[in-house]
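Engineer: requesting a structural model of the entry that follows:
(chains A and B)
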Amino acid sequence: MPTLRGRSVWLFAIVLVALSVSVVISLLSGAADSDPVIIWNIRAPRVLTAVLVGAGLAVAGVLLQGSLRNPLADPALVGVSAGAALGAVAGAALGVGYNSYVAAAFALLGGSLAVLIVVWVSRTHGRIEVVTVLLGGIAITAFASAVVAILISVSGLAGSRPVSFWATGSFALSNWNGVLSIAPAVVIGMVIALFIAPALNVLSLGDDAAFASGIEVGKTRVWALGAAVLLTGAGVAVVGVIAFIGLLVPHAVRLLTGPGHRSLMIVSAIAGAFTVVAADTVARLVVSPVELPVGAITAIVGAPLFLVIVARTRSRQGGWA
Amino acid sequence: MTMSKDTPTGPGRVPSTSRIPAMSIELVECALRTSSGRFRLKPTTLTLASGLVTAVIGPNGAGKSSLVAIAAATLKPTEGKVFFDANSVSDMDARQMAQSRAVLAQDLSVSFGFNAIDVVSWGRTPWRGTERQKQDSTVIEAALHNLGIVELAYRPMSELSGGERKRVHLARILAQETRCVLMDEPDSDLDLAGLAALDLTIKSMNDFGKTMVISSHDIQRVSRLADRIVVVAEQKVMAHGEVREIVTTEILSEAYQTTVEVQWGDEGITHISIVS
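Structural biologist: As a prediction, this is how the structure comes out:
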């Protein structure tokens, strides 16, 4: 009997080592290489933010894919990120302090609304349609981005340095308050995710067969979507929208661990953290002292890979199921 | 193929040779309407008898699938109530229902690259956290063995043929260890060997004491398998009773709105055809 479990442990160890190495490199490189004050006050919260956001996005992707039975789901593609961004900017326009718990709460509220709307429009006879979820995500993202742009203009935030970083997705604004505002949501989201992992496996049978096997389908989906919002939303308030992590990381990990949700989640969390820390380090260093927006880097790498996955999924299923 | 390996054993359990107490399903004034108010199933009162094999036949679109899904409690009727034995399903949660009945639906797709054995193991979901969980691996192994798919266990579902996939799902339903099994057109897209394996599985499940409900288009085949026949036509139950009383020229001709000729011999139906 092949033990996938044993293989997952090895993978977990390998990605953990990769993450540790990337964290150390990120902490020690940059201008004024090893000034302890800079490392502690600037680079450490930045790296920790990247770890939390990366792990959160990757596990949110697993949750969305599993609960919607859709291998193409990603927090940014289904509109959760844009909704959270709208919430965060609405909070800022109302004078909510940056990187605070209240800002995180606003973002979570926006993300929740977005996911409710997308699920509501894509339900037909109790099933959630793959294509409609993505189309709903496009609509929500377009709408929320437009409102974000308007709010930024009318609130006088436009042109400020933080907003221009945030709008493209960047870790430049991370600080210890930001880390504290993300951490609780991400930890709670992870606990929920691991708890519902076995039910997500059975949900691969489809709603009716999963229900007939004893799964409370509706409840499981609410928990999954709620956890995905927690894992994504709070991070968006601090770093803006970073796309494709939730899509690509679980996809790559699934090829190695297999589709079982528990090991998929655990390895994806670490791999997501590694990917985002590495991307941010590249963003910071590649044309130093100018800093590239990390959201742009993940999109440049992610979008072509997304197309490859679309083509592969399509040829395997012979269309959309 | 034998069922003996699937028999739960151990202290306090029924001995392997005795039948498990079966379950009856009762529909009381159950109806299903579309949102526009059209009936997909007209008000139906029906008892699917405990321990027997009931076959549901009838033309396409007559309401067979609706009837089976409502009886399985995977589809809520817009009117009426469903009872498993004396318990109303509206008082049961998903897990309690899943401990009572297993369902083989027509849609057998499985997302992501799960292996056959993963799918079979999901049959054990309703018993998680109970005493019976201890038997998980024994029951799963026996189910794989009974369906003859031991060597497929670690193959991804996406690589299996339609017939192999159906066997995996049958093994999943066997592993669920319920007192009642409902199948919606389990014989669609099976070749001869697949049909033989299916019929053997249905028979041995029933020998083991399970109540069986099976919808099908293959009247001749299910007439051999079933104790009772339910004829669904024009969104209602047109006839229900012993096989020989129901599978007749008169009743089938009315149900299918064409002349259907049925001849019975000692061994079962010898001839069934449409006269035009």
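
Engineer: okay, now the unreliable bits of chain B?
Structural biologist: Judged by pLDDT under 70, chain B has its weakly predicted residues at B:1-20.

Engineer: what's in contact with the helix or strand that contains residue B:203?
Structural biologist: When elements are assigned from DSSP states H and E, residue B:203 belongs to helix B:192-207. Helix B:192-207 is contacted from outside by B:1-3, B:51-53, B:146-148, B:163, B:166-167, B:170, B:174, B:181, B:183, B:186-187, B:190, B:212, B:214, B:221, B:224-225, using C-beta atoms under 8 Å, 6 or more residues apart in numbering or on different chains. The C-beta positions use only the backbone N, C-alpha and C, and glycine is treated the same way.

Engineer: could you give me the buried positions within it?
Structural biologist: For helix B:192-207, burial by neighbour count (16 or more other C-beta atoms under 10 Å in any protein chain shown) applies to B:194, B:197-206.

Engineer: wait, what's in contact with the residue of chain B found nearest chain A?
Structural biologist: Of the residues in chain B, the one nearest chain A is residue B:98, at a distance of 3.2 Å by C-beta to the nearest C-beta. Counting by C-beta under 8 Å, 6+ apart, residue B:98 makes contact with A:212-214, B:125-126, B:176, B:178.

Engineer: Serialize those residues to CSV and add fields for secondary structure, neighbour count and distance to residue B:233.
Structural biologist: Below are these laid out as CSV (DSSP: H, G, I helix; E, B strand; the rest coil; neighbours: other C-beta atoms under 10 Å in any protein chain shown; distance: C-beta to C-beta, whole Å):
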residue, secondary structure, neighbour count, distance to residue B:233
A:212, helix, 28, 26
A:213, coil, 26, 32
A:214, coil, 24, 34
B:125, helix, 24, 36
B:126, helix, 24, 35
B:176, coil, 26, 31
B:178, coil, 24, 29
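
Engineer: farthest pair within those?
Structural biologist: B:125 and B:178 (11.7 Å; C-beta to C-beta).

Engineer: tell me if the helix or strand that residue A:193 is a member of is near chain B.
Structural biologist: Per DSSP H and E, residue A:193 falls inside helix A:176-203. Yes - applying C-beta under 8 Å from any C-beta of the partner chain, one finds that helix A:176-203 is in contact with chain B at A:198, A:201-202.

Engineer: who's in contact with residue 227?
Structural biologist: You didn't pick a chain, so chain A it is. Taking C-beta under 8 Å, 6+ apart, one finds A:59-60, A:63, A:188-190, A:192-193, A:196 in contact with residue A:227.

Engineer: wrong chain, I was asking about chain B
Structural biologist: B:49, B:52-54, B:242-243.

Engineer: what separation is there between the residue of the stretch 101-250 of chain A found nearest chain B and residue B:203?
Structural biologist: Scanning the stretch 101-250 of chain A for proximity to chain B using C-beta to the nearest C-beta identifies residue A:214 as nearest, at 3.2 Å. According to C-beta to C-beta, to the nearest Å, residue A:214 and residue B:203 sit 26 Å apart.
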